[in-house]
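Novice: Pasted the sequence and its predicted model underneath.
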Amino acid sequence: MEFDLKSSSIIHRHPANPILSARQVPYPTALVFNAGVCKFNGQYVMVFRNDYGSVEDQIVEGTNLGLAFSADGIAWQVQPTPFMDWHDAEVIRAYDPRLTVINQRCYISFAVDTQHGIRGGIAVTDDFAHIEMVSLTAPDNRNLVLFPEKIDGKFLRLERPLPVYGRWGMERFDIWISDSPDLVYWGNSQLLLGVEDVPFANLKIGPAAPPIKTERGWLVIFHAVDWSAERSKTGWEDDWQKRYTAGIALLDLHDPRKVLGVCKQPLIVPEAYYEIANGFHNNVVFPGGMILEDNGQVKIYYGAADTVECLATAHVDDLLNLCVAQG
Ligand code: BMA
């Protein structure tokens, strides 16, 4: 049975969508999506997932991470070469980056496919020219997002382990929270939000963009996946029957391990043509960046259909009200 889901009326898709696509990338590319975005040294910075291969032949040959800069967060200039291209005997690729500025340094968290499982990586850069690895999780884990500051003397991250064996062979995955004294050693891991807490997910959930700080708490955007056998082939794969929506939740400002509210309806549901058609995986919105502007506007960056990068906006008060009104 299909869930009948709609995007929240507080969400505005930007008229320039998609704001970044393969056409703007000056090196081998096919699909440009699932970007991390932040404001750093007076400009907007985006690190995006670049899957290269052939759209015509519907083949992905590899993945690297591209870099783009913008003065307004809408029009992007892509740098001439990929920013990070990690593959060797053990590592297959790094993907789905998120950016968090902590103490004037930009941290990049990403998923790493390896010969021995999926790992969550954290790296740091000061100039987007040099990058230094900070830590890597044991498999299987991904969708790491860092909080932008220490709370109670500890760094914090949300993460999404993938315990297939421990969840009876199903994709029942949840959002966890861990802390660290130094961003290297992580512990005190605790379940934050179970998939059963999100009524519009029937498969799995995961952290999306790094949380943003408001007076009323930490705003957290997450992805939620529902599956329906009624969905038939519209993308590259015959058996793609998942839909990725985005949801919103609020965590306590002083103790983010406490969930203050989860909106019971989705925030963004795939509806626009670039979200539902002509893509690699249609019916996917996958946010990876969220920026709170001085005027209260929140920019939400998301990959659409695993094919292009898009922008939606909402007012921070409307987002907060969604979380607590129904929490
Ligand atoms: C997830 C990840 C994401 C992707 C999503 C939808 O499992 O692989 O990179 O956007 O599926 O295909």
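Specialist: Arrived safely. Nothing here was measured: the structure is a model prediction, and the numbers come from that model.
Novice: Mind jotting down where the strands sit in the stretch 1-150 of the chain?
Specialist: For the stretch 1-150 of the chain, the strands defined by DSSP state E, counting those that start in this stretch occupy 12-13, 31-40, 43-54, 59-70, 77-78, 91-102, 105-114, 117-125, 132-136, 141-146.
Novice: Which strands or helices does whichever strand or helix holds residue 319 pack on?
Specialist: Assigned by DSSP states H and E, residue 319 falls within helix 316-325. Judged by 3 or more Cβ pairs under 8 Å, 6 or more residues apart in numbering; DSSP states H and E, helix 316-325 is in contact with strand 212-214, strand 217-227, strand 242-251, strand 259-262, strand 297-304. Just so you know, the C-beta spots here come from the backbone N, C-alpha and C atoms, and that holds for glycine as well.
Novice: Report the mean per-residue pLDDT for the second one.
Specialist: Looking at strand 217-227 alone, the average pLDDT works out to 98.
Novice: For that strand, name the packing helices and strands.
Specialist: Using 3+ Cβ pairs under 8 Å, 6+ apart, strand 217-227 is in contact with strand 204-207, strand 242-251, strand 285-292, helix 316-325.
Novice: That one: which residues count as buried?
Specialist: Residues of strand 217-227 classed as buried: 217-226 (neighbour count, 16 or more other Cβ atoms under 10 Å).
Novice: Make JSON lines out of the residues you listed and add distance to the ligand.
Specialist: Output for those, formatted as JSON lines (distance: Cβ to the nearest ligand atom, whole Å):
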{"residue": "217", "distance to the ligand": "27"}
{"residue": "218", "distance to the ligand": "23"}
{"residue": "219", "distance to the ligand": "21"}
{"residue": "220", "distance to the ligand": "18"}
{"residue": "221", "distance to the ligand": "14"}
{"residue": "222", "distance to the ligand": "13"}
{"residue": "223", "distance to the ligand": "8"}
{"residue": "224", "distance to the ligand": "12"}
{"residue": "225", "distance to the ligand": "8"}
{"residue": "226", "distance to the ligand": "12"}
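Novice: Tell me the spacing between residue 276 and residue 237.
Specialist: In this view, residue 276 and residue 237 are 15 Å apart by Cβ to Cβ, to the nearest Å.
Novice: neighbour count winner among those two?
Specialist: Higher neighbour count among residue 276 and residue 237: residue 276, with 19 against 12, using other Cβ atoms under 10 Å.
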